[in-house]
Every structure is written in C-alpha cells, then in structure tokens.
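Sequence isn't available, so here's the structure alone:
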C-alpha cells in the first residue's frame, strides 16, 4: 500500500484541539478556575484560592488524563476491530469484553452476601480502591481468554465474531439474573458503574491504569502494518508473507486489552470506538493505518475530553451521565455511517 500523503496541518489541528480540550477540562466545572491560575498551579505556584489546587490535583487532572487515555484506547481498539472484521460498525466490545467486565463487577456488587456490597468494598482497605477494576479485569479476561483460545482453532473471522457475540450475550444474561434477584440499593451501585465516568480513577489507580493502556497502544502501533495487509483480505495478506493467524491473535490481544482496561476503570464508555475511526477515515480520505491510527488516537482523546466537559455542565451543580453525552454525538455519526455504506466499502478496499 502506498504511503498516504502527509497532512501535517491536519495532525497539527487535531493536536491543537486536544490541547484546547485538555485546558477546558481543567478550568471548567461547577467551580471555574481561570486558565492562568491553572498554569500557575501546575508550575508550582500558590493559587489565589487554596481550594483550587485541591480541585485541580485531586480531581480534574487525573480525570483529564484518564479521558485522554480512554479516548485514545477505545478509538484504537475500534479501528482494529473494524479492519479485522471488515465491518464498519464493529466496536471494541464486539468480542464480549465489555459484557465480561460487567459480569465481573456484577458478581462483586450484586453477588455479595448479607453484609452488602458497599460494606464489603469499604472493608477491603487499600484493596478496596481497586475492587471494581480488578473484578472487571477478571471478567473481561475470562471472556478474552475463551475467545483467544478459540481464535487458534477458528479460521474464519466472521465465525470468531459470532463466538464473541455469544459470549457477550451469555455474560449479559447472567448479569440480568443477578440484577433480578438483587436488592435495589445494590442495583443502584451497579447502575452508577455502568453509566461510565472518567472521574473514578485515583492517582494510586493511575499507576496501574496508565501503563496498561499505554502497553495496549504500543501494541497497536506495532500491528499497523499487519492491519494494512489485512485490508484486502486474508489471502492477500498471506501473499505478502504475513502469518494471518498470529497477526489476528495479537490484534485481538491489543484491542481487548485497550477495551478491557478502559471498561475496568471507567465503566462501559459508548460510541468512541465505533464513531471516531470513521471521522478520522473521512478527514484523511485514506484507509492506511499509518495515518489513521495516530489521527484516531488524537481525535478520540479530544472527543472524550469534550464530552466530559459537556457532561460536567460548566457553571452548574448538576452532572449529566457521560454516556448520554456520548450518545448525543455518537448516534448521528452511526446513522451517517449506515447511510453511506457503499462509500465505506469502497474505502475499506482502497
């Protein structure tokens, strides 16, 4: 595949958008902090109001970093899944990773005995800070392990897609049963997790979350050339000397790690993975992953930050559910994708 024409202005614009969105996420909220004060605090100066430093370092900065990593992670995973399955509507959770993570969290919150989920989690001490993330990671890992095991036996990508969907439906059915037999207060706690949020990752959790997300992104960069080879089908990729089974295995590992760690620490985040790669593909007018991957990462990170700023309703004490904002942006994009299916199929083959 020929190298795509360089568009440094586009990448500069995306980087500028990301920096602007990051600055807005630090300044806007129920308490507005002037931008010059944000810069002054980050450089080690004393703020005009002591509370501003606490708000910035304890809440807004870790939340902004989390949004950047999750946006980049889910966009990368979505791009990988759309190429691997040659399906423009594929998303990072198509292999059942999100459902597996939800099952792990549901077993902790909804399946605890008479002591109650909140009491149980509070009694775990330091471990309690990671309880839901660990439970979600284990649930996603179990589904991922089953899919990866079958991926070594299943040659057809479409069959593997169906297998992942079946695992997802099975996990969702178990979650539904747990909800049906659980107490209302536990269902409320679980519902808050499923609403998705970038604000739950603490600095101690960041030491685990950030390296895991960066590892998945690094693996995504390593798999750029195999993804390009797979654009025209398995036979074409084999003619180029690519080990298709091994490439598919590592692509699934990367996408599942990115989706799994994002879901584990932030809950299910909708639409970034399925919508952002299409916008990047349209802006670049190219299917080359050497350009698409970094563009999707920058755009996904900026989109996550902007959605979170909107969800915070600057100047208001009310906070909108993050996935509601994601849906308001994501649904029109998906409808646009469906309406131009013919052009998308041509783009995948170009």
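Noted; the coordinates are in hand. Note that the structure is a prediction, hence the values are computed from the model and not measured.

who's in contact with the spatially most central residue of the chain?
By CA atoms, centre = their mean, the chain has its centre lying nearest to residue 74, at 3.1 Å. By CB atoms under 8 Å, 6 or more residues apart in numbering, residue 74 lies in contact with 92, 258, 259, 262, 269, 272, 273, 276, 300, 304. Bear in mind the C-beta positions are built from the backbone N, C-alpha and C, glycine included.

what do you get if the cut-off is 10 Å, keeping everything else the same?
The neighbours of residue 74, taking CB atoms under 10 Å, 6 or more residues apart in numbering as the test, are 91-93, 255, 258-259, 262-263, 266, 269-277, 296-297, 300-301, 303-304.

The residues you listed in helices, which ones?
With DSSP state H as the criterion, helices contain 255, 258-259, 262-263, 266, 272-277, 296-297, 300-301, 303-304 from among those.

Spell out, range by range, the helices that occur in the stretch 51-200 of the chain.
With DSSP state H, counting those that start in this stretch as the criterion, the stretch 51-200 of the chain has helices at 61-84, 97-109, 117-122, 131-151, 157-180, 184-194.

next one: the stretch 201-350 of the chain
Using DSSP H, counting those that start in this stretch, the helices of the stretch 201-350 of the chain run over 203-222, 224-230, 234-239, 244-266, 272-284, 289-311, 322-339, 341-349.

With mean pLDDT and distance to residue 9 added, can I get the ones you listed in a markdown table?
Compiled in a markdown table, the helices of the stretch 201-350 of the chain are given as follows (pLDDT from 0 to 100; distance: least, CB to CB, whole Å):
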| stretch | mean pLDDT | distance to residue 9 |
| --- | --- | --- |
| helix 203-222 | 90 | 22 |
| helix 224-230 | 89 | 22 |
| helix 234-239 | 82 | 32 |
| helix 244-266 | 86 | 28 |
| helix 272-284 | 87 | 11 |
| helix 289-311 | 92 | 12 |
| helix 322-339 | 80 | 23 |
| helix 341-349 | 52 | 21 |
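
Hmm, residue 310 is touching residue 328, no?
Yes. Using CB atoms under 10 Å as the test, residue 310 is close enough to residue 328 to be in contact (8.5 Å).

Which one's more surrounded, these two?
residue 310 (17 against 13; other CB atoms under 10 Å).

Quick check: that one vs residue 190, distance?
Distance of residue 310 to residue 190, computed by CB to CB, to the nearest Å: 25 Å.

same check, this time on residue 13
40 Å.

shared neighbours of residue 310 and residue 328, which are they?
residue 320.

Look at the residue of the chain positioned farthest from its centre and give its secondary structure.
For the chain, the residue at maximal distance from the C-alpha centroid (CA atoms, centre = their mean) is residue 48, at 36.1 Å. Taken by DSSP: H, G, I helix; E, B strand; the rest coil, the conformation at residue 48 corresponds to coil.

residues contacting it?
Applying CB under 10 Å, 6+ apart, the residues near residue 48 are 33, 34, 36, 37, 40, 41.

Helix or strand: which one has the fourth one?
Going back to what we said before, that points to residue 37. Using DSSP states H and E, residue 37 maps to helix 35-42.
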